[in-house]
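Engineer: this one's sequence-less:
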């Protein structure tokens, strides 16, 4: 009899929790349009979160995200995510063992961008030949409808923040590569969460492209910039 009452109590608690949580339309996250030059195939890792408008308006405290978590996948033969060790060397995320978290990175102080509140979370997983990255951050104050920047990285020996970076390791000139959704995991490819009361907005498919221009395009771009500079100088004279 006691067990039956206990089971009913758990059921009621779970039902109450599910009813109190509100689920809104999908939000978006982007890793940016990352263009690298042939002589420097590295770009800083940036992240932009754009919450669903209804999700934002549902909370009187619309300027505060309690926490967010996201997941995406990429082909490590095309691009690779890197994080810097304290000694200045860079670690390829694809070389880490599955299940490696930010707290257990060897000789690396995983960190969040200065000024952000909360504990950053990182985990490396796999999906076939693809690398899966999970990232999250809790208690993030933000006064805008967008939250963007170099969120994640490490601390060097002087405790300066060094953002993670992308290495465009296998993209040919003129080729574009797009990040992917990590499928087959519980919770979809990530979610944004607000608490008290609980409000959840799932993420759309990730957005983000990587591109290495052809040398001719770089020359044309450089020539155009030189021409504009010369025209400005002529006008100023």
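Structural biologist: Happy to help now that I have it. Source: prediction; values computed, not measured. Numbering: from 1, shown residues only.

Engineer: Quick one: end-to-end distance for stretch 114-133.
Structural biologist: End-to-end distance for stretch 114-133: 22 Å, by Cα to Cα, to the nearest Å.

Engineer: Quick one: low-confidence residue ranges for this protein.
Structural biologist: Within the chain, the stretches with pLDDT under 70 are 1-21, 59-64, 66, 140-145, 186-190, 195-197, 216-237.

Engineer: could you pull out the helices for it?
Structural biologist: Secondary structure of the chain (DSSP state H): helices located at 2-20, 53-57, 215-236.

Engineer: For the shortest one, buried residues please.
Structural biologist: When neighbours are counted by 16 or more other Cβ atoms under 10 Å, the buried residues of helix 53-57 are found to be 55-56. Glycine gets a C-beta too; all of them are placed from N, C-alpha and C.

Engineer: Just give me the neighbour total for residue 90.
Structural biologist: One way to gauge burial is a neighbour count; for residue 90, by other Cβ atoms under 10 Å, it gives 15.

Engineer: show me what contacts it?
Structural biologist: For residue 90, the contacting residues are 82-84, 165, 167, taking Cβ atoms under 8 Å, 6 or more residues apart in numbering as the criterion.

Engineer: 7 Å instead, please
Structural biologist: Residue 90 is in contact with 82, 84, counting by Cβ atoms under 7 Å, 6 or more residues apart in numbering.

Engineer: So what's the gap between stretch 119-128 and the chain middle?
Structural biologist: Centroid separation between stretch 119-128 and its chain, computed with Cα atoms, centre = their mean, to the nearest Å, is 11 Å.

Engineer: quick one: contacts of it?
Structural biologist: By Cβ under 7 Å, 6+ apart, the list of residues contacting stretch 119-128 reads 73, 93, 96, 98-102, 110-112, 131-138, 152, 182, 184.

Engineer: Thanks again, I'm all set now.
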